[in-house]
Structure formats: structure tokens, C-alpha cells
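[1] heads up, no residue letters with this:
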């Protein structure tokens, strides 16, 4: 038995299983003999760490990954960026398969840059700086790729107002990757073939308001109203072509790391902290700046935050931060106090939001790396966290770092074919055990999920 894993980054169950299903004939046909349903993502439900959680069945706390970037050594400004080296000694499913002599072909799964050795081949993901870098394993695979499809495209700038150009670039990236996937499926030896298409994530972030009538920035009759629908149809067409290449001894999985939903706005976490006396500036900025460039009075500041699809909040603790002021014995009391205040935060209409505030210890049995002190999902993730300062207000209609219409939803999708038709609720931790079980491999005891049967 072999396995083809098709990763549609950000594929949303409400769209693929309902709204667009009638226009996805290949996907719909597959579901008739598949086990499928929503797959709950990890905390936080974002691309990094979610794909690596899927590949390892290990939680982000144990992995020590809480997002794309992390604070370095309790610094106010220094950061480090997640990449494959962080997971060098973590057993991914392809590492486990390699011990049994099985070959894997991994394409675009975040974060796999720089590509690490495996029994098979690898093409790194969207965090790859550009195509001049060594982005393949083995290294010589790069020349083979460029001969077959030309320059490989890792990602496209999607937070842009140049929508026509974006549509063109998205389709080109997706089709170029699709042609390469077809070539590698037919020309490489593999027991596991797993690729991730990042384009679906980009198209939903860039065009959600044009089709969703509930979006506060919805534009009726926009020329872009069908872009997301058309992209799903493109993926379905490509799926049909891949199915024609696969034999009956190959199990097919279609999965996503999380879902998507409309963004209600951006909540300026640091503006809110300033108004509530947790963050103190020496001087108000004359323009919009990041927290790292703001003139913060650390001798009076108790907490500050980072932006993103969720908010990370850090405390200024005596003996931990360079200019810490919160005594260690008061840390837990202060953390509880701030969490309670944030849960009472209101939206732009004065309504208390359905905000969830966690400590990392609540979510993970162990917290390695550089975890934040609090993790905040504003209004159940409907409001993005804006970390910049200088807006003069707490609520923004739009994202503070470029156009973005969507936020992340907690549930992605899971499809396994062939199987008895059955709707299920799965967990992202269940994927790796299920994949190994399908391939007849013993499931390591460290994995946190269970086999989906």
C-alpha cells in the first residue's frame, strides 16, 4: 500500500463539503467512498505549527513552536524565525517510514526550509527565500525541476491591492506546482507522496470579502466575487488529473491545516494595553509603528503584545526581562488579572466579544522554546490581532499589515479514500497515526493522536 496526501492549505469544510461541493465533481465522487469530515486543528490554528503537528502528532508546546516568529531569550525586540532545523531531531512520518526502507516525496510542507535529508526527495516550502537557494533534497533535484517546469514558485505576495496581478500569479504558481507534482508522481519511487498547495490560503485571505455577503467590507457584484470558487474548481480539476495517475493500491488523503472565515476587523492589542495602563510609552509615535520601534517606557510597562491571527502577550517580569518590573511572586496574579480584563474587551459596536484567553500551560503538557505568557483568540478568532501602535484607536476595519479579508477557523478538513462512507470529526493529531496505520507501520508511542477508523 502507498499513500498520496494532498494538502490544501486553509481548505474550509463549510465550502468544500457544502457551498461549492456541487461544482467539484472529482472531489464529490471521491467522497462517495471515503471517510471524511472536519478536522480540528491545533492551538494555535495557523500554518506554522499546524502542518508539523500533522506530520508528527506532537503538540506545539512540546515542539516549542507557537507561530512563525518567536521572541529570543526574553528580549523586547530580538526574534527568531521557525524553520526546518527546529525539527531536525523530531520524528516526522517520512523519517519513521525511512527506517522501514520506505521512500517519501515531500513538497511544500511548512516548514521544510532548508530541506533536510530523507529517504526520498523533498522540495521546501513557502518560507524559502527564493529559487536561487538550495531548496531540494537531493540538491541535484533542483536542476531536474527547472528543466521540467522552469523556475519553481514558492509563494506569491497576497496582501496587495493589485488583484488582477494576484489572480494571474496564483494560477501560475498553482499550475506550475501541479505539473511538477504530476511529473514526480510518475518519475520518482515513493511510498508516501505528500504535497501542500499554499495558494488556497492566499486566495481566501485576499478575496474573501467579495463572495461573503456577511463580510463588513463586502462588495456586491465585484469582478472578483467568484475568484475563490474558481480556485476551488481549479484544485478539483487538478485532483482529477492526479487520480488518473494513481493505482488501486494507493490510499488518498486530502487534508487542511485549518479553515478560514471572514475577518470582522483588527483589534489593536497594544493600543488597548496602553488605554488599560499595562503598556506605557515615553512618547506617542507620529506614525504607525511596530511595538519594536515604539518608544516604550519599560520601567513602567507591565505587558505588551504581538499581532497575527491570534495575539501573543508577554509580561515584563523582574529577573527575566532586562527591565522587568513585575515581581515573580506576583506573576500568576497579574496574568490572571490581565486575562480577565481581556475577556471583557468589546468590539467596535460596544459588545463584549467571545474572546478566549489561554496560558500555554493550559493548552500543552509541556512548554518548550519561547512561549508567550498569554495566548488570545479575539472573538473566537474573528478579530485579527494588530500589534502596531499609532492608530489612535483600538478597532480597525482592515488588517494593519496589508489587505487581508479572512482569519483562521479552528477546523480544517480530513478525507481518506477508499473507505466506508462515513462522516467523522477528526483531530489534527490523528492524521500521522492514521497514515502510518494505513501503510502498515507500527505507531510510535510518543504520538498523541489515534487511528481514524
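    Okay, I see it. Keep in mind that this is a model prediction, so the values were computed, not measured. Numbers count the residues shown, from 1 in each chain.
[2] rest of the way, CA atoms for contacts and neighbours
    Will do.
[3] Name the residues of the lowest-mean-pLDDT helix or strand in the chain that are buried.
    Lowest by mean pLDDT, DSSP states H and E among the helices and strands of the chain is strand 422-427, with a mean of 93. Neighbour counts using 16 or more other CA atoms under 10 Å place 426, 427 of strand 422-427 among the buried residues.
[4] tell me what that strand is packed against?
    For strand 422-427, the elements it packs on are strand 35-40, judged by 3 or more CA pairs under 8 Å, 6 or more residues apart in numbering; DSSP states H and E.
[5] got the residue ranges for the strands in the stretch 301-450 of the chain?
    With strands called from DSSP state E, counting those that start in this stretch, the stretch 301-450 of the chain shows them at 303-306, 311-315, 356-358, 374-377, 383-386, 395-396, 406-409, 411-417, 422-427.
[6] re the thing from before, need the contact partners of the least confident helix or strand of the chain.
    Residues from elsewhere that reach strand 422-427 (CA atoms under 8 Å, 6 or more residues apart in numbering): 34, 35, 36, 37, 38, 39, 40, 41, 414, 449, 452.
[7] so can I have CSV of those showing distance to residue 198?
    Supplementary listing: those in CSV, determined by distance: CA to CA, whole Å:
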residue, distance to residue 198
34, 24
35, 24
36, 21
37, 21
38, 19
39, 18
40, 19
41, 17
414, 17
449, 25
452, 25
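[8] Which residue in those has the weakest pLDDT?
    The member of the contacts of strand 422-427 with the lowest pLDDT is residue 452, at 93.
[9] hang on, that residue packs against residue 432?
    No. Assessed by CA atoms under 8 Å, residue 452 is found out of contact with residue 432, at 10.0 Å.
[10] Those two - which one has more neighbours?
    More neighbours surround residue 432 than the other of residue 452 and residue 432, with 27 against 19 (other CA atoms under 10 Å).
[11] Please give me every residue in contact with the closest residue to residue 56 other than its chain neighbours.
    Spatial nearest neighbour of residue 56, chain neighbours left out: residue 92 (4.9 Å); criterion: CA to CA, 6 or more residues apart in numbering. When contacts are counted by CA under 8 Å, 6+ apart, residue 92 is found next to 52, 55, 56.
[12] residue ranges for the helices of the stretch 251-400 of the chain, please.
    Applying DSSP state H, counting those that start in this stretch to the stretch 251-400 of the chain gives helices spanning 269-275, 331-343, 360-363.
[13] which one of the ones you listed has the most crowded surroundings?
    With neighbours taken as mean count of other CA atoms under 10 Å, those reach their highest mean count in helix 269-275, at a mean of 21.
[14] model confidence over that one, on average?
    98.
[15] Domain-wise, how is this structure divided?
    Following automatic domain parsing, one finds the domains of the chain at 2-262+408-438, 265-403.
[16] Just give me how far the shortest one sits from the chain centre.
    Mean-position distance between domain 265-403 and its chain equals 21 Å (CA atoms, centre = their mean, to the nearest Å).
[17] what's the closest of the strands of the stretch 301-450 of the chain to residue 349?
    strand 395-396 (9.8 Å; CA to CA).
[18] Now do that closest one: everything it contacts.
    Strand 395-396 has contacts (CA under 8 Å, 6+ apart) with 265, 266, 267, 268, 347, 348.
[19] Identify, from those residues, the entry nearest to residue 378.
    Closest approach to residue 378 among those (CA to CA): residue 267, at 7.6 Å.
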